[in-house]
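Q: Please work out how this folds:
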Amino acid sequence: MRLPMGSVGIRSLFSLRQPKNHQKRGLRLVQFYRRGDGGAIRVGVEQAAGLGVVDLKAFEPSVPSTMKGLLELGDEGLACARRALSSGRCVLDRSDVRLSSPILAPEKVICVGLNYRDHCLEQKAAIPKEPVIFSKFSNAITGPYDDIVLPSESREVDWEAELAFVIGRRGKHVKEEDALSYVAGFTVANDVSARDWQMKRNGKQWLLGKTFESFCPLGPALVTADAVTDPHKLGIRCLVNGEEVQSGNTDQMIFKTEELIAWVSKFVTLTPGDVFLTGTPPGVGVFRKPPVFLKKGDVVECQIDQLGSIINKVL
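A: I've put the predicted structure just below:
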């Protein structure tokens, strides 16, 4: 956001309003649409998982309307969110809110393949010696309760529950020991995959099979790192039509958050809002005997301890 010359900048404004004795606390940041206001995206803070949402724009009109904009403000933006949550003001009832993905239109969606030891074992794949990196386009991102749309081009669409994290500040050649300071927070993802395109078509390049519209549900909230006990000791599950198909733990990750940030930042500059999907545990449909794929009418739920769940109907 640009302000006229001579105006007080947003950072300065937030600094002036920041109480000296302000204490950090974990946040559940969300992007949402307020029902009946014409569909404008807004950014807010959940009072707790599934409870009311504090509208940050209503609390502080100079706050950006998007999560990416809020993250670009750095610590000042998060401090404003904490003050808003503590104030008890500008709270919307959950029935007045429709959650969007916590991040829309990130510069990068970075994905990691073969990053769970037990997932490698289920497909008889060697344990990678360095991260296997691929990407989705940002058009694949959809909300935590929005529909997954089966493309006419594929007959083998699969589920992959994943821990995701979002970058909070710009970085290049980040050192592993500093990497967690670049994480704004964690969220739940489903790396929906068209296996026929991933494994049999397009020279077996993964991109096209991973990036159809709606193939990256995210949410329900961006849970700041200080609210997560240990991101590498979280239960992670996927249910299809109420039946548990994946059940694992992020302690099986081969390359942890810090290693992924350090590795990827060797090649590209990370910017606020960039999304990392960190891999999936065993139980995906393609390696079942016989293989099982999603069909119209299915309901997919991905759950991660301390973060919440996303529930998406298949159309």
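Q: For residue 259, grab the count of nearby residues.
A: 17 (other CB atoms under 10 Å). Backbone N, C-alpha and C define where each C-beta goes, glycine included.
Q: residue contacts, the closest residue to it other than its chain neighbours?
A: Spatial nearest neighbour of residue 259, chain neighbours left out: residue 176 (6.2 Å); criterion: CB to CB, 6 or more residues apart in numbering. Residues in contact with residue 176 (CB atoms under 8 Å, 6 or more residues apart in numbering) are 258, 259, 261, 262.
Q: which phi and psi does residue 176 have?
A: For residue 176, the backbone dihedrals are phi -60, psi -40 (criterion: degrees, to the nearest 10).
Q: Quick one, grab the pLDDT at it.
A: The per-residue pLDDT reported for residue 176 equals 98.
Q: any idea how this protein splits into domains?
A: 10-99, 109-313 (automatic domain parsing).
Q: Name the stretch among those that sits most buried.
A: By mean neighbour count, with neighbours taken as mean count of other CB atoms under 10 Å, domain 109-313 ranks first of the domains of the chain at a mean of 19.
Q: chain center to that domain, what's the gap?
A: Computed by CA atoms, centre = their mean, to the nearest Å, the separation of domain 109-313 from the middle of its chain amounts to 9 Å.
Q: how far does that domain stretch from start to finish?
A: End-to-end span of domain 109-313 (CA to CA, to the nearest Å): 23 Å.
Q: Likewise for stretch 145-156?
A: Taking CA to CA, stretch 145-156 runs 22 Å from one end to the other.
Q: Same check on stretch 281-292?
A: OK, stretch 281-292 end separation, CA to CA: 16 Å.
Q: and what of stretch 223-241?
A: End-to-end for stretch 223-241, by CA to CA: 26 Å.
Q: likewise stretch 91-108?
A: 32 Å.
Q: how about residue 92, what does it touch?
A: 34, 44, 52, 53, 54, 55.
Q: Tell me which of these fall in strands.
A: 34, 44, 53, 54, 55 (DSSP state E).
Q: thought residue 173 was touching residue 266?
A: Yes. Between residue 173 and residue 266 a contact is recorded at 6.3 Å, counting by CB atoms under 8 Å.
Q: Quick check: mean pLDDT of the helix or strand encompassing residue 260?
A: Using DSSP states H and E, residue 260 falls within helix 257-264. Across helix 257-264, the average pLDDT comes to 98.
Q: Equivalent analysis for stretch 116-123, please.
A: pLDDT averaged over stretch 116-123 gives 89.
Q: got a list of contacts for that stretch?
A: Against stretch 116-123 from outside (CB under 8 Å, 6+ apart): 114, 126-128, 248, 252-254, 279-284, 287.
Q: swap the cut-off to 10 Å and go again
A: 113-114, 125-128, 160, 162, 236, 246, 248-254, 278-284, 286-288 (CB atoms under 10 Å, 6 or more residues apart in numbering).
Q: ok, back up a step: return the item of the contacts of residue 92 having minimum pLDDT.
A: residue 34 (90).
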